[in-house]
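Student: pasted the sequence and its predicted model underneath.
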Amino acid sequence: MSLFQQPELPQDKAPTETQKWGWKLEDFISENFWYLLGILLLLAVFYFARYRWNKRNSRKYRN
């Protein structure tokens, strides 16, 4: 049995989300909350800095 092989699913009923994907979205978010928050913070800083740079440079080249 391979390390990444999922167990066989019963054919008579629909698989649950965990059986289908191997994880649930709620579990992923709760386990990686601080990493996701850090990524969002970095994106916010990046977009704010880009906005301020564009605003500052638009004044410089105005006629």
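Tutor: Received it, and whenever you're ready, just let me know what you need. Residues are numbered from 1 along each chain as shown.
Student: contacts, neighbours, all on C-alpha from now
Tutor: Fine.
Student: Leu37 sits in which helix or strand?
Tutor: Per DSSP states H and E: Leu37 is located in helix 33-60.
Student: can you check the pLDDT for the spatially most central residue of the chain?
Tutor: Nearest to the mean C-alpha position of the chain, counting by CA atoms, centre = their mean, stands Leu36 at 6.5 Å. Model confidence at Leu36, given as pLDDT, is 97.
Student: contacting residues around it?
Tutor: The contact partners of Leu36, by CA atoms under 8 Å, 6 or more residues apart in numbering, come to Ile29.
Student: if I look at it, how far off is Leu42?
Tutor: Plainly put, Leu36 is 10 Å away from Leu42 if you go by CA to CA, to the nearest Å.
Student: same thing with Ser30?
Tutor: Ser30 sits 19 Å away from Leu42, going by CA to CA.
Student: what of Gln19?
Tutor: From Gln19 over to Leu42 the distance is 34 Å, taken as CA to CA.
Student: find the least confident helix or strand in the chain, judged by mean pLDDT.
Tutor: helix 17-21 (a mean of 75; mean pLDDT, DSSP states H and E).
Student: any weak-confidence spans in this structure?
Tutor: 1-10, 61-63 (pLDDT under 70).
Student: one more time with 50, if that's ok
Tutor: 1 (pLDDT under 50).
Student: what is the burial count for Gln19?
Tutor: 14 (other CA atoms under 10 Å).
Student: where does Lys13 fall, phi/psi-wise?
Tutor: phi -140, psi 160 (degrees, to the nearest 10).
Student: that one: neighbour count?
Tutor: Neighbour tally, Lys13, other CA under 10 Å: 7.
Student: now it: how far from Gln19?
Tutor: In terms of CA to CA, Lys13 sits 12 Å off from Gln19.
Student: what of Ser58?
Tutor: 53 Å.
Student: cool, Phe46 as well?
Tutor: Going from Phe46 to Gln19 by CA to CA gives 38 Å.
Student: same thing with Leu40?
Tutor: In terms of CA to CA, Leu40 sits 29 Å off from Gln19.
Student: also Ala49?
Tutor: Ala49 is 43 Å from Gln19, by CA to CA.
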